[in-house]
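Asker: Here is my input, please return the structure:
(chains A and B)
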Amino acid sequence: MKIYDGRYVISGLIVFIALATFPVWFNRGKVSPSPEPKLDTPAILEMVQKKCVLAKDEMRIGHMRLLDQWRTEVVRNGRRIYTGMDGKIHEMSFQNECLKCHSNKTTFCDTCHRYVGLSSSTPYCWTCHIAPREND
Amino acid sequence: MEANRRKFLRIGGTCALGLGTSKVWGVFAEDFEKPAENSKALGVGRWGMAIDMKKCWEKGKSGCRECILACHTSHNVPDIGNRKEEIKWIWTEKYENAFPGRLSGLEPPDLREKPFLVLCNHCENAPCARVCPTRATFKRPDGITMIDYHRCIGCRYCMAACPYGARSFNFKEPREHIKSELNHAFPTRESGVVENCNFCEERLSAGKAPLCVEACKEQNCEAIIFGDLEDPESEIRKLLAAHFSITRKPELGTKPGVYYIIQGRGHA
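Answerer: Residues are numbered from 1 along each chain as shown, chains lettered A, B, ... in the order given. Next comes the predicted model:
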């Protein structure tokens, strides 16, 4: 079988494959450590049962959707009370409820957001919402 | 036979499409628990305000700005220091600017020099909410004209529409211009959004009166009265029933929710 311009086609293919797989072989052997968001804030340490509004896995996957729903409920529907799992009552407020326990933006929020390649300005929560005071 | 097969394929395809969309539907459906009603919030028909100007001028200390200060420090309102870019939720205006349609030129001269307290009127027919292309500005069932800052794209149609100048645009990053200490319980705004008075919606939901009302009360002045305009038994309705009051630019049909009593209680 003869390929017309086989030299160009095959060398072109090689260059293409090399470029397309560049991230794979360039990063081979390098392990970026998976993020470990810290849960050692004073408010959390004081808790007897260390539980968030939903189960840990649900929060990990869906916290952005939950926050979005809270936003809609508070701002647009004027409802502020949320019943979490095990019936605990929470105020739907990012600044006054979430950050009360998670008062460590740099060692909690930022660890994963940075790991997944979000820049410091995205998600743009912090342009309006005030980050908690951290004394470290 | 030919037609039957075609029909069969058509029906089969429709069914497959239906099954497919049910999957998609599941993705978008909210599966979180529904939030409960706020038991602490004050159930209300329409929030409104009455400002007794005579009381403000006579009982308040000279140059009193406590209401403005209380509001602006608590809501993290920046002080830009430049009239073109200033941000204001509640401020003062001269009679001729607050009530231009009423100006006859024959008013008591001192009235024209006195400061009138002005803020968002939380109009029933709010022009700002009507023109907002993203519905970031909207009317709540309790009459408050709210801005969803997450949705505001900063087009400033609402500012053009508001006949009271009650809306301010953040030309600059506001956080750099907040002179007082940041209130960590309330967000700031970012550059590129419009803001206005929210009738202390965050306090009403906790069963508290707005900050300007509280600040005025603390000065033993009580010139600002807040309440439900739809409840005939409310303090504000009784006050408005007993005293002649005016609103700003009523000729525009916006139906403002902020009333001004000029004659004063005990004078009328």
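Asker: tell me which residues of the one helix or strand A:Ile14 maps to are tucked away?
Answerer: Element membership of A:Ile14 [criterion: DSSP states H and E] is helix A:6-20. By 16 or more other C-beta atoms under 10 Å in any protein chain shown, helix A:6-20 has no buried positions at all. Where C-beta positions appear, they are placed from N, C-alpha and C, glycine not excepted.
Asker: after it, next one along is what?
Answerer: In N-to-C order, the element after helix A:6-20 by DSSP H and E is helix A:22-26.
Asker: right, and B:Thr73 touches B:Phe186 too?
Answerer: No: applying C-beta atoms under 8 Å, one finds B:Thr73 not in contact with B:Phe186, separated by 10.1 Å.
Asker: B:Ser168 pairs with what?
Answerer: Taking DSSP bridges as the rule, B:Ser168 bridges to B:Glu195.
Asker: Confirm for me that it is in contact with B:Ile87.
Answerer: Yes: with contact defined as C-beta under 8 Å, B:Ser168 reaches B:Ile87; the gap is 4.2 Å.
Asker: Pick out whichever of those two has more residues nearby.
Answerer: Higher neighbour count among B:Ser168 and B:Ile87: B:Ile87, with 25 against 22, using other C-beta atoms under 10 Å in any protein chain shown.
Asker: which element is that one on?
Answerer: Counting by DSSP H and E, B:Ile87 is part of no helix or strand.
Asker: Helices along the chain, start to end?
Answerer: Using chain A here. With helices called from DSSP state H, chain A shows them at A:6-20, A:22-26, A:42-46, A:56-71, A:99-101, A:109-115.
Asker: should've been chain B
Answerer: Assigned by DSSP H, the helices in chain B fall at B:2-28, B:53-59, B:66-74, B:95-98, B:109-113, B:127-131, B:157-161, B:201-204, B:211-218, B:235-242.
Asker: Quick check: which of these is nearest to chain A?
Answerer: Of all the helices of chain B, helix B:201-204 sits nearest to chain A, with 7.8 Å by C-beta to the nearest C-beta.
Asker: in the chain, what spans have low per-residue confidence?
Answerer: Picking chain A for this. Low-confidence segments of chain A, defined by pLDDT under 70: A:120-121, A:135-136.
Asker: Chain B was what I was after
Answerer: Looking at chain B by pLDDT under 70, you get B:1-2, B:22-43, B:264-268.
Asker: Check it for the residue nearest chain A and tell me.
Answerer: The minimum distance from chain B to chain A, using C-beta to the nearest C-beta, falls at B:Glu190 (3.9 Å).
Asker: Is it correct that that residue is in contact with A:His129?
Answerer: No: if you go by C-beta under 8 Å, B:Glu190 and A:His129 don't touch, sitting 9.9 Å apart.
Asker: related to what we said a few turns ago, tell me, what's touching B:Ser168 and B:Ile87 both at once?
Answerer: B:Glu195 (C-beta atoms under 8 Å, 6 or more residues apart in numbering or on different chains).
Asker: Can you give me the neighbour number for B:His72?
Answerer: With other C-beta under 10 Å as criterion, B:His72 counts 22.
Asker: so what's it closest to, chain neighbours aside?
Answerer: B:Trp89 (6.5 Å; C-beta to C-beta, 6 or more residues apart in numbering or on different chains).
Asker: Now A:Ser32. Nearest residue, chain neighbours left out?
Answerer: Spatial nearest neighbour of A:Ser32, excluding adjacent residues (C-beta to C-beta, 6+ apart): A:Tyr115 at 7.5 Å.
Asker: check contacts around that neighbour.
Answerer: For A:Tyr115, the contact set (C-beta under 8 Å, 6+ apart) comprises A:32, A:34-35.
Asker: Would you mind listing what in chain A touches chain B?
Answerer: Within chain A, the positions adjacent to chain B are A:54, A:62, A:65-66, A:69-71, A:73, A:75-76, A:78-84, A:89, A:92, A:95-96, A:124, A:127-130, A:132-133 by C-beta under 8 Å from any C-beta of the partner chain.
Asker: Residue 99 - how many residues pack around it?
Answerer: Since no chain was named, I'll use chain A. Using other C-beta under 10 Å: A:Leu99 sits among 22 other residues.
Asker: ah, no, chain B please
Answerer: Applying other C-beta under 10 Å, we find 20 residues neighbouring B:Phe99.
Asker: mind listing what the residue nearest to it when sequence neighbours are not counted touches?
Answerer: Nearest residue to B:Phe99 in three dimensions, chain neighbours excluded: B:Arg248, at 6.3 Å (C-beta to C-beta, 6+ apart). Neighbouring residues of B:Arg248 by C-beta under 8 Å, 6+ apart: B:98-99, B:118, B:121, B:163-164, B:256, B:258, B:260.
Asker: Restricted to strands, list the residues of chain A next to chain B.
Answerer: The members of these that map onto strands under DSSP state E are A:81-83, A:89.
Asker: quick one: A:Gln49 and chain B, what's the gap?
Answerer: To chain B, A:Gln49 is 19 Å away according to C-beta to the nearest C-beta, to the nearest Å.
Asker: now what about stretch B:14-22, what contacts it?
Answerer: Under C-beta under 8 Å, 6+ apart, the answer for stretch B:14-22 is an empty list.
Asker: Distance from the chain centre to it, please.
Answerer: Put simply, stretch B:14-22 sits 45 Å off its chain's centre (C-alpha atoms, centre = their mean, to the nearest Å).
Asker: For burial, what's the neighbour tally of the closest residue to A:Asp86 other than its chain neighbours?
Answerer: Distances taken as C-beta to C-beta, 6+ apart place A:Lys51 nearest to A:Asp86, at 7.0 Å, with adjacent residues excluded. Residues within reach of A:Lys51, counting by other C-beta under 10 Å, total 14.
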